[in-house]
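In: After the sequence you'll find the predicted model.
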Amino acid sequence: MAFRKKLQKTRNIGFVAHIDAGKTTVTERVLYYTGRTHRMGEVHDGDTVMDWMQLEQQRGITITSAVTTCLWRNHDIHIIDTPGHVDFTIEVERALRVLDGVVVVFSAVEGVEPQSETVWHQADKYSVPKVAFINKMDRVGADFHGTVKMMIDRLGTRPLLIQMPLGIEDEFRGVIDLIRAKAIMWHEETLGASYSEVEIPESYRAEAEDYRSRLIEAVAETDDTLTEKYLEGEPITEPELLTAIRKATIGMKVVPVLCGSALKNKGIQPLLDAVADYLPSPLEISGITGKNPNTGQSETRLADDNEPFAALAFKVMMDEGRKMVYVRVYSGSIKVGKAAYNPRLGTKERISRIFRMHANHRERIDEASTGDIVAVMGLKGTTTGDTLCDEAAPILLEPIDFYKPVMSVAVEPRTNQDQDKLNLSLEKLAEEDPTFLVNFDDDTAQTIISGMGELHLDVLVTRLQNEYNLSVNVGRPQVVYRETIEKVVEQRGRFLRQVDETRLFGEVTLRISPQGRGRGIDFTSMVPREKLQTEIYEAIEEGVRDAVTVGPFMGFALTDIKVEVIDVNFDADNPSPVALKMASSNALREGCEKAQPVLLEPIMATTVVVPEEFMGEVIGDLKSRQCKVESITPKGKVVHIQARCPLTQMFGYSTDLRSLSQGRGTFSMQFFRYDRGPGK
C-alpha cells in the first residue's frame, strides 16, 4: 500500500546535545546537503535557519526547538533541533516524547558533558533509539576514543563504532567506513557537498582491520544467525551487517557511532545515511498506547492511515498573537476544516489550517497523515501534552512529563497602565512553556514568575520587552514568613459599645495552644453547641479567623495553633454577633502576645542529584546553607540527596550547584512546611 511505502521511508528524528557541542551546525549542514537550503548558516554569524529567534541569534544558543523536513535517499526526514542548555530541558523532553529516533551530538574535545547525560537518559525514558555523532574532530584536544570510553563509563551504553577518524585535530581529513572498509575524503572546494571513497591509507590499515573485526564480532553477538556464521568462520556480508545493526539499534542494544567536523563540512552525508539505515520508521514503533476515557481500558493505535485518528500536541507557540500547536500524528489522518476531539476537555476543536514547518517558515497543506509532525491552527483550548483523536474512537495518550520550576523572581511593569498588558503577556508565555509559572502573591502584592534557571527567566523577561513591548522591573520575591506560639494561654476578650440606644456586648474566653508543624489553624468550642446559636458560633469563629491573619511578632499570618472557646457571655435578650466577633478577635490577639510568639520560615523539600564524586562538596554546601540532610541514596553512578532547606538560603543555588558539580548536578525544590529556621 502507498501509505506503508511512504512510512517505511519516513524518519522522525531529533538532534540533541550539550550546549556548544555543534548540534545546530550539524543541522545546518544536513539542510544544505539535502537541498533544503541553498546556503549554510553559521551560529557565530547569527544567520542559522534553525535558530531563527532574534534572541537565539544574539546569544548564539538554541532556546526553542525548531521543526523542519528534508529529503535524503528518497526518505522524508522530519527533524526537531533542540536546545542544549539545561534551563530549556522541557524543549528536549517534549520533542523526545514524539520522536522515533535521535542523533546525539558529542564534542570530541569535551566528550560526554552534563546535558549530554540528561538528554541521553531522557531518550532512554521514552525508549528512543540513538545514533551518536562525535563532532569537532578537527579541534585541538579532540579525542575520539576518549569520548567513546566516556559514553561507556558515564552513559552505561554499548557504542558500536561503524567509523573511525582519518587523522585528528588539524590533520583530520575524513573518516574510515568500517563496514565497507573504505576511506571517505571530502572536497573542500564544494564545501563538502562532494566526496570520494578511496582505499584506506597504509598507515591506518592495521588499526582499521582491528576495529572492523571488533565491529563484526559485536554485531554477531546481537543476532543468533550471525553468531553461528561468525563462530563457524563464514564471512558476514555488508547487507547482513546493515540489517543486524538496524535491528540492534532499534532494539536499543547498541548505539552506532560516527564522527566528523560539521564546521569543516566533513562527515554529514554518512550521518544521514545512518539515519536512513539504522533509525526506525513509524511502522517499526510498536504502536502508541493510551486509555479509552470512557471505559478506562488500555487501547493501542497502529501506525496506519486506516486506524482512527490519534495525535499528541507537544508544543504551543504564539504566532503574531495567534495560537499554533505542533502535533505528531500517530494514526489516521486529519484534514483542514475537520474537527478533532480533545478528550481532556471533552470538546471538539476545528482545524482551520495545517502547516509543514521549516523553522519559522510555513508551507500550507490540506491534510496530515500518520507519521507527520505538523503545526495546526484553530485549536483554542488544546495545550502541551493534550491528545487529539477521533470522537468515535476516543483515546487519551500518556501526557508529557513537566519539570517543576526551581527559581522565581518578582516582576512589575514600569507604569501602572501596563499591568493588564503584563498579565496578558505572561499568560501567553506560560501557555507556550509548561515550565514557566506565574503567580500573584496576595501577601506581598507581587507578580512572581518561576522557571528552570536564571537564563530561562532572563530570556522570558527579554521576550516581554522585545515581543510584547513591555518594560518591567525585575527583583527577588520577598519571602513570606508565618508566625506561631510556643506557650499555652487562656485569654478573655471583651467588647462593649453603645450605638444609639443599642448596647453591643460580648465576652469570649479562648484557650490558645501551639500544635505540630503543618497543622494550620484548628478551631473548636468547649461550650456546648446547644447553648450557642449557629449565628453566635459563626461570629466567634469569624473573629478568630480574621485575627490569625496578622500575627503579634512581625505582622505575618499565624499558623499551627489550636483555638478553643471555653466561655462565652452575651446579652441573652439582645445578642450581638458583631460584638462577639470583635471580642474573640481581641482575645486571640492579646493571648498570642503573651504566648511567646516566634517566626516561622518556609522550609523546602529539596532533592539534589549529583555524580557520586561531587557528593562531599554538595553536602558540605547544603550544611553551610543550614539545610538538614535527610537521606543519601546511591543510584548507579549518581546519588540522590534529600534535604530540608530554608528557602531564604536557596536563592542562587542553581548556579552554585553547577559550579560545585561541573554542571552535572540537578535539583528540584517544593514547599514542605513552615518551621523555625535552624538555630532559631
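Out: Done, it's in.
In: Break down the stretch 251-400 of the chain into its helices, ranges please.
Out: 268-278 (DSSP state H, counting those that start in this stretch).
In: low-confidence ranges in it?
Out: Scanning the stretch 251-400 of the chain for pLDDT under 70 picks out the ranges 360.
In: Show me where it has its strands.
Out: Applying DSSP state E, counting those that start in this stretch to the stretch 251-400 of the chain gives strands spanning 255-259, 288-291, 298-301, 310-319, 322-331, 333-335, 339-342, 347-350, 353-358, 361-365, 367-369, 373-377, 387-389, 396-397.
In: Show me which of those has the highest average neighbour count.
Out: strand 387-389 (a mean of 26; mean count of other CB atoms under 10 Å). Every residue, glycine included, has its C-beta placed from N, CA and C.
In: so what does it touch, helix or strand wise?
Out: In terms of contacts (3 or more CB pairs under 8 Å, 6 or more residues apart in numbering; DSSP states H and E), strand 387-389 is packed against strand 310-319, strand 339-342.
In: Can you name the element that comes right after the lowest-mean-pLDDT helix or strand in the chain?
Out: Ranked by mean pLDDT, DSSP states H and E, the helix or strand of the chain with the weakest confidence is helix 54-59, at a mean of 49. Where DSSP states H and E defines the elements, the next helix or strand beyond helix 54-59 is strand 66-72.
In: If you compare the directions of whichever strand or helix holds residue 80 and strand 373-377, what angle comes out?
Out: Assigned by DSSP H and E, residue 80 belongs to strand 75-81. If you take axes from the mean of the first three to the mean of the last three CA atoms, to 10 degrees, strand 75-81 sits at 70 degrees to strand 373-377.
In: Grab the nearest non-local neighbour of residue 391.
Out: The shortest distance from residue 391 to any non-neighbouring residue, by CB to CB, 6 or more residues apart in numbering, is to residue 341 (3.8 Å).
In: Run through the residues that contact the one you found.
Out: By CB atoms under 8 Å, 6 or more residues apart in numbering, the contact set of residue 341 is 347-349, 388-391, 394.
In: Residue 483: which of the residues you listed is nearest?
Out: Nearest to residue 483 out of the contacts of residue 341 is residue 347 (CB to CB; 46.1 Å).
In: sorry, back to before: determine which of the helices and strands packed on strand 387-389 approaches residue 293 most closely.
Out: Closest approach to residue 293 among those (CB to CB): strand 339-342, 9.8 Å.
In: Can you give me the buried ones in the longest strand anywhere in the chain?
Out: Longest strand in the chain by number of residues (criterion: DSSP state E): strand 597-611. Residues 597, 599-604, 606-611 are the ones in strand 597-611 that count as buried (16 or more other CB atoms under 10 Å).
In: Please name every helix or strand in contact with the one helix or strand residue 245 maps to.
Out: Taking DSSP H and E as the criterion, residue 245 maps to helix 238-250. Packing partners of helix 238-250 (3+ CB pairs under 8 Å, 6+ apart): strand 159-161, helix 202-220, strand 255-259, helix 268-278.
In: Let me know the outermost residue of the protein.
Out: Distance from the C-alpha centroid of the chain peaks at residue 501, with 67.0 Å (CA atoms, centre = their mean).
In: Tell me, please, where in the stretch 51-200 of the chain the pLDDT is lower than the cut-off.
Out: Checking the stretch 51-200 of the chain against pLDDT under 70 turns up 51-64, 84-88.
In: how about the helices and strands packed on strand 387-389, which one is nearest residue 644?
Out: Per CB to CB, nearest to residue 644 of the helices and strands packed on strand 387-389: strand 310-319, 35.4 Å.
In: The closest one pairs with which strands, parallel or anti?
Out: Strands adjacent to strand 310-319 in the sheet, as given by DSSP bridges, are strand 322-331 (antiparallel), strand 387-389 (antiparallel).
In: for the residue nearest to residue 391, which residues make a bridge with it?
Out: With DSSP bridges as the rule, residue 341 is bridged to residue 348, residue 389.
In: Make 41 the first number, not 1, from now on.
Out: Sure, I'll start numbering at 41, so the last one becomes residue 381.
In: All the helices of the stretch 591-720 of the chain, residue numbers only.
Out: Listed in chain order, the helices of the stretch 591-720 of the chain (DSSP H, counting those that start in this stretch) span residues 617-634, 655-664, 693-700.
In: Which elements pack onto the last one?
Out: What it means is helix 693-700. Judged by 3+ CB pairs under 8 Å, 6+ apart, helix 693-700 is in contact with strand 637-651, helix 655-664, strand 706-715.
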